[in-house]
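Undergrad: Here is a sequence together with a model predicted from it:
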Amino acid sequence: MGPNIRIHPTAIIEDGVQIGAGTSIWDNVHIRSGAVIGENCIIGEKTYIAGDAVIGNMCKINASVYIPAYVTIEDGVMIAAHTVFTNDQFPRACTPDLSRLLPSAPDEHTRRTLVRAGATIGANCTIGNNLVIGRFAMVGMGAVVTRTIQDFQLVIGCPARPVGYVCRCGHPLGLPERSERRVEIECTQCGWHYSFDGGFLADLGQVALASSQ
């Protein structure tokens, strides 16, 4: 355990959990042995985090989020309330003859999910497995994610579909669906710069736009 950690007395933190400095764990959270949580995170009430889940630094995980094993969340990710991740490719409760319960531990059918740095997942989302949610992507509330999402992509719906791109600050970027040539654009909210070419958005950082624009 790092310094300056705040853990509510009703939280269940099993032995073998790693928690970074400055992280706050709210009421009725359950974190299983083997989980890793970074520095300066907020873990909202009634959230469950399984062993073998990894959470980076400065993440906000709101109330009643379910994070099973083999989910990796990079730095600066926001996960809104009641989001559920999945990790079992062929989920069953019992053996085929219904004679005994199957174990709940990860096995050869357990699949990984990666949420890249800066992404946001809205409230009441369901996240499939064996996929990646890209850097600074945004998943709209109530979405069901069944496939990988590009960096900066905005997706909504059930199943989730791309409808645009967002800036690092979260505001939409006014971009065409396709461009025959490379276009450079500046976020009107924060001034961050990007290039857009053939449906792929690249991060240029805080640099001046090309003189041709």
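TA: Noted; the coordinates are in hand. A quick note: this is a predicted structure, and the numbers were derived from the prediction, not measured.

Undergrad: Please make it C-alpha for all contacts and neighbour counts, starting now.
TA: Noted.

Undergrad: State the distance from the residue most central in space within the chain to Y70.
TA: In the chain, the C-alpha nearest the mean C-alpha coordinate belongs to V115, at 4.0 Å (C-alpha atoms, centre = their mean). Distance of V115 to Y70, given as C-alpha to C-alpha, to the nearest Å: 11 Å.

Undergrad: quick check: domain ranges of this structure?
TA: Domain ranges of the chain: 6-166, 174-213, per automatic domain parsing.

Undergrad: Low-confidence stretches in the protein?
TA: By pLDDT under 70, the low-scoring segments of the chain are 176-180, 198, 207-213.

Undergrad: let's see it at 80
TA: Scanning the chain with the threshold set as pLDDT under 80 gives 1-2, 174-181, 198-199, 206-213.

Undergrad: what number of residues lie near the residue lying closest to I7 once chain neighbours are set aside?
TA: Closest residue in space to I7, ignoring its immediate chain neighbours: I25 at 4.7 Å, by C-alpha to C-alpha, 6 or more residues apart in numbering. Here the count is done by other C-alpha atoms under 10 Å, and I25 has 27 residues near it.

Undergrad: rewinding a little: tell me which of the domains of the chain is the most buried.
TA: Burial of the domains of the chain is given as mean neighbour count (mean count of other C-alpha atoms under 10 Å); domain 6-166 ranks first at a mean of 20.

Undergrad: The residue nearest to the centre of the chain is in contact with V132, isn't it?
TA: Yes. In this structure, V115 is within contact of V132 by C-alpha atoms under 8 Å, at 5.9 Å.

Undergrad: what's the overlap in contacts for these two?
TA: Here V115 and V132 share no contacting residue, scored by C-alpha atoms under 8 Å, 6 or more residues apart in numbering.

Undergrad: so what's the residue nearest to the centre of the chain bridging to?
TA: In this entry, V115 is beta-bridged to I73, I133, by DSSP bridges.

Undergrad: if I look at it, how far off is F136?
TA: Applying C-alpha to C-alpha, the value for V115 to F136 is 9 Å.

Undergrad: Kindly report the same for S33.
TA: Relative to F136, S33 is positioned 29 Å away (C-alpha to C-alpha).

Undergrad: same deal with Q18?
TA: In terms of C-alpha to C-alpha, Q18 sits 25 Å off from F136.

Undergrad: go on, G2?
TA: Taking C-alpha to C-alpha as the measure, G2 falls 27 Å from F136.

Undergrad: got it, and Q153?
TA: In terms of C-alpha to C-alpha, Q153 sits 8 Å off from F136.

Undergrad: what is in contact with these two at once?
TA: Common contact partners of Q153 and F136 (C-alpha under 8 Å, 6+ apart): V166.

Undergrad: Would you mind measuring the gap between the ends of stretch 44-58?
TA: End-to-end span of stretch 44-58 (C-alpha to C-alpha): 13 Å.

Undergrad: show me the contacts for the closest residue to G34 other than its chain neighbours.
TA: Setting aside the residues directly before and after it, G34 is nearest to G51 in space (C-alpha to C-alpha, 6+ apart), at 4.4 Å. G51 makes contact with I31, R32, S33, G34, A35, V36, P68, A69 under the criterion C-alpha under 8 Å, 6+ apart.
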